[in-house]
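[1] Following is a predicted model, sequence given first.
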Amino acid sequence: MSLPDQAMEQAAPSRPPRRTPAGDAAWGWLIGIVAGLLGLGPWLVSGAQLPLQNLWGAEVVPDQMPVSLLPLSQYELTTIVALLTVGGAAAGLAVRIWSPARRRLVAWCAAAGVLVVQFTAAVQSFTVLDGGLTGGTMASLYFAGLLAGVTASLAAALVAHLLLCSRSRSLAALGAGLMAVPFASWAVEWVVGFVGHINVPVAVPSMAHWIPAILVGCALAWCGLRPARRAAVWAVNLALLWVVPALFISVNYVLGTRVLAGDLQEMLLMSRQILAATLGPHGGAAPKVLLALVIALAGLGAKSIAARQRPDVPTSPST
């Protein structure tokens, strides 16, 4: 090779090695596994001991309950929803931020990684639960009800993952709205995991009350209102902010009432009454929806001002 050729070869910038499909798939699996563990994190740091069970076969104190990777209990159903859905959402958000060339491959590998972690946790937890419950119809119904709740939560985690990793800004904003309330519950569980239920500062629930509204407002401001069909995302997200907290309150109250245990008709009646009360004008949802709307509109205004101060660059907004 001549000297000029050597000089040109040395001066040429080195190209980064091209990532292979197998490499992208491996990174997707890793993202999913880490995200799944992150979702379970608040429960794991608390010690991951199965909550006391009303239908447990032996008299035990809380410290004697076995290790369970999920807090299987009728009193912890919304916590289970938060732990599982945040794991799926975290994986979707990571894929969206990375935005790899093989996005679909990475997204499904990440979903598989999350599912492996969550399915393993579910199998271990239900094995422990099944080994300690008393026999009988009530125990079977209790087990089946928890299994249905966990299965639905796994499906919701997959939906959150696919929405947040989507190329569409509208779908990603919709995923953020869907996850706003579970994320707030998940954040509170971190505090509970470190200090316990009794020692949670009074300010924590008060702050968590407004977290969903802030998240929804920021998501809507990021989504924008152009094209006009994005107005539907605004309507759905604000509706979710109104309805989902009411559902969480209703589920926690009804399933936490031992007086109604086993009386499905009374439980359904009470759930409808509580849901109607929390969705009504005195349920406290209106201030949160208003705050989210104010944040969204303020964000749109700030984006408009910033756009006027920089040169016009033609852009094609994603759907």
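    In hand now; what should we look at?
[2] how about the strands in the stretch 201-319 of the chain?
    Ranges of strands in the stretch 201-319 of the chain, per DSSP state E, counting those that start in this stretch: none exist.
[3] where's the closest residue to residue 146 other than its chain neighbours relative to residue 184, distance?
    Once flanking residues are discounted, residue 146 sits nearest to residue 72: 5.3 Å by Cβ to Cβ, 6 or more residues apart in numbering. For glycine as for every other residue, the C-beta is placed from the backbone atoms N, C-alpha and C. Look at residue 72 and residue 184: by Cβ to Cβ, to the nearest Å, they are 22 Å apart.
[4] Walk me through the domains of the chain.
    For the chain, automatic domain parsing gives the domain ranges 21-167, 168-319.
[5] Arrange those in TSV, one row each, with mean pLDDT and mean neighbour count as further columns.
    Formatted as TSV, the domains of the chain follow (pLDDT from 0 to 100; neighbours: other Cβ atoms under 10 Å):
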stretch	mean pLDDT	mean neighbour count
domain 21-167	94	19
domain 168-319	86	16
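[6] surely residue 102 meets residue 26?
    No - with contact defined as Cβ atoms under 8 Å, residue 102 does not count as touching residue 26 (11.8 Å).
[7] Now name the helix or strand holding the residue sitting nearest the centre point of the chain.
    The residue lying closest to the centre of the chain (Cα atoms, centre = their mean) is residue 86, at 2.7 Å. Following DSSP states H and E, the helix or strand that holds residue 86 is helix 77-98.
[8] What is the helix or strand immediately after that helix in the chain packed up against?
    Where DSSP H and E defines the elements, the next helix or strand beyond helix 77-98 is helix 103-132. With contacts defined as 3 or more Cβ pairs under 8 Å, 6 or more residues apart in numbering; DSSP states H and E, the packing partners of helix 103-132 are helix 21-45, helix 77-98, helix 137-164.
[9] Helix 103-132 to helix 137-164, inter-axis angle?
    Interaxial angle, helix 103-132 versus helix 137-164 (axes from the mean of the first three to the mean of the last three Cα atoms, to 10 degrees): 170 degrees.
[10] could you give the angle of helix 103-132 to helix 77-98?
    Using the same axes, to 10 degrees: helix 103-132 against helix 77-98 is 160 degrees.
[11] mind checking how far stretch 53-65 is from the chain centre?
    Counting by Cα atoms, centre = their mean, to the nearest Å, stretch 53-65 is centred 30 Å from the centre of its parent chain.
[12] List the contacts of it.
    49-52, 73, 129, 132-134, 136, 138-139, 142, 258, 261 (Cβ atoms under 8 Å, 6 or more residues apart in numbering).
[13] Of those residues, which pair is most distant in space?
    Pairwise distances across these peak at 24.2 Å for 49 and 136 (criterion: Cβ to Cβ).
[14] Excluding chain neighbours, what is closest to residue 88?
    Using Cβ to Cβ, 6+ apart and skipping residues adjacent in sequence, the residue nearest residue 88 is residue 157, 3.1 Å away.
[15] what sits against the one you found?
    Residue 157 neighbours (Cβ under 8 Å, 6+ apart): 39, 84-85, 87-89, 114, 118.
[16] can you do 10 Å?
    Residue 157 sits next to 35-36, 39, 81, 83-92, 111, 114-115, 118, 179, 182 when contact means Cβ atoms under 10 Å, 6 or more residues apart in numbering.
[17] for residue 76, same thing?
    Taking Cβ under 10 Å, 6+ apart, we find residue 76 in contact with 43, 51, 70, 82-83, 146, 149, 189, 252, 255-256.
[18] Against which helices or strands is the strand or helix carrying residue 171 packed?
    Using DSSP H and E, residue 171 maps to helix 169-195. For helix 169-195, the elements it packs on are helix 21-45, helix 77-98, helix 137-164, helix 203-223, helix 231-255, helix 285-308, judged by 3 or more Cβ pairs under 10 Å, 6 or more residues apart in numbering; DSSP states H and E.
[19] mind redoing it with 6 Å?
    Where contact means 3 or more Cβ pairs under 6 Å, 6 or more residues apart in numbering; DSSP states H and E, helix 169-195 is packed against helix 21-45, helix 77-98, helix 137-164, helix 203-223, helix 231-255.
[20] Kindly reformat the ones you listed as JSON lines and extend each row with distance to residue 63.
    Output for the helices and strands packed on helix 169-195, formatted as JSON lines (distance: least, Cβ to Cβ, whole Å):
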{"stretch": "helix 21-45", "distance to residue 63": "16"}
{"stretch": "helix 77-98", "distance to residue 63": "20"}
{"stretch": "helix 137-164", "distance to residue 63": "22"}
{"stretch": "helix 203-223", "distance to residue 63": "25"}
{"stretch": "helix 231-255", "distance to residue 63": "24"}
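[21] Please determine how far residue 101 is located from residue 124.
    36 Å.
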